[in-house]
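Participant: coordinates only, no sequence provided:
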Ligand SMILES: [Zn+2]
């Protein structure tokens, strides 16, 4: 069997582990619940057991393991700095030094969206273009910037937090401490909140029907379906969201003139209603570069971006320091 690499995608709900070869062909995958209330020691112990089980099944030890985590890390030391969505927040947990001796291979840590950007670089659109900007629009909005075939990390690995661009100067308060960040306006929960308000005020009859009156089912996707069935107010809000997204994308195009903008995450499943307006708005806003020559594309890896990003990280492909 060819050489394999391993990836761990540490999420708030689940931990996914994938073994794949250098072409990104997945040989094995498995998942366990995160159960972050157990704290870092408990979670890391179970991650070690998960990888050991997979080593046993695959009959081969991975050459290295890349791990995407939801927050900030110390890249050089393989230590988590702050994972805000996990219990105890994982301040200064020496993940590399705990896992690497147990698994008998090098372990590398990186923020999860930067990891997904690496996946797109090595196994997705990055096979065709050398500079692109990645927006992951889901529960939050993360991002990553690839310039000339390298992921831009910055000295702290924090470069590319594209969801925290100011879009409305005095907009809603953001978790980061600022106001009117893109994340406060067009993340999945932000959009769903708008949809729920419209249903409650009787302004979204189609959306009400689609979700059968269950407000928990109001999502960007059901909102797009309602807009396409004739809910005018829902449609207006989606077009407004497209404007905010276009402001953020336009800023990046003006700053970097990338070959491409790549979009991932659940919100972009809203489809053409959102994306056509984004393209229109970019034409109105961006005049310093020929914006029609910068394609706006959906991620080629979709929900595999995190897993394959971890493989790219394990291979140390596309990193500035490789
Ligand atoms: Zn923010």
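Facilitator: Ah, there it is. Note that the structure is predicted; figures quoted are calculated from it, not measured.
Participant: spell out which parts of the stretch 151-300 of the chain neighbour the ion.
Facilitator: 164, 174, 176, 178, 181 (CB under 5 Å from the ion). C-betas here are computed from N, CA, C, even on glycine.
Participant: buried members of those into PyMOL, please.
Facilitator: Typed into PyMOL, the line below selects the buried ones among these, using 16 or more other CB atoms under 10 Å:
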select buried, resi 164+174+181
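Participant: which parts of the protein are strands?
Facilitator: When assigned using DSSP state E, the strands of the chain occupy the ranges 5-10, 14-20, 26-33, 65-69, 72-74, 79-82, 107-111, 132-137, 141-147, 150-151, 260-264, 296-298.
Participant: related to what we said a few turns ago, would you turn the residues of the stretch 151-300 of the chain next to the ion into JSON lines with pLDDT?
Facilitator: Listed next are these as JSON lines, based on pLDDT from 0 to 100:
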{"residue": "164", "pLDDT": "95"}
{"residue": "174", "pLDDT": "93"}
{"residue": "176", "pLDDT": "87"}
{"residue": "178", "pLDDT": "96"}
{"residue": "181", "pLDDT": "96"}
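Participant: can you lay out the residues of the stretch 151-300 of the chain next to the ion as JSON lines showing distance to residue 39?
Facilitator: Converted to JSON lines, these look like this (distance: CB to CB, whole Å):
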{"residue": "164", "distance to residue 39": "28"}
{"residue": "174", "distance to residue 39": "28"}
{"residue": "176", "distance to residue 39": "25"}
{"residue": "178", "distance to residue 39": "30"}
{"residue": "181", "distance to residue 39": "30"}
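Participant: before we move on, back to that, would you single out the least confident of the strands of the chain?
Facilitator: Mean pLDDT is lowest for strand 72-74 among the strands of the chain, at a mean of 91.
Participant: what residues sit buried inside that one?
Facilitator: 72-74.
Participant: what bridges to the nearest residue to residue 163 once chain neighbours are set aside?
Facilitator: Among residues not flanking residue 163 along the chain, residue 141 sits closest, at 2.7 Å (CB to CB, 6 or more residues apart in numbering). Note on residue 141: beta-bridge partners by DSSP bridges are residue 137.
Participant: what's the answer for residue 298, then?
Facilitator: Listed beta-bridge partners, residue 298: residue 263 (assigned using DSSP bridges).
Participant: residue contacts, residue 115?
Facilitator: 9, 66-68, 306, 309-310, 312-313 (CB atoms under 8 Å, 6 or more residues apart in numbering).
Participant: what is the nearest of the residues you listed to residue 286?
Facilitator: The shortest approach to residue 286 among the contacts of residue 115 belongs to residue 309, at 28.3 Å (CB to CB).
Participant: roughly how far apart are the closest one and the ion?
Facilitator: Look at residue 309 and the ion: by CB to the ion, to the nearest Å, they are 23 Å apart.
Participant: picking that back up, the residue nearest to residue 163 contacts residue 184, doesn't it?
Facilitator: No. Here residue 141 lies out of contact with residue 184, judged by CB atoms under 8 Å, at a distance of 9.3 Å.
Participant: who's sitting farthest from the centroid in this protein?
Facilitator: Within the chain, residue 202 marks the point farthest from the mean C-alpha position, 33.5 Å out by CA atoms, centre = their mean.
Participant: that one and residue 152: what is the separation?
Facilitator: 47 Å (CB to CB, to the nearest Å).
Participant: how about the helices in this structure?
Facilitator: Per DSSP state H, the chain carries helices over the ranges 39-58, 95-103, 112-123, 182-186, 188-200, 205-210, 220-228, 232-256, 272-285, 305-315.
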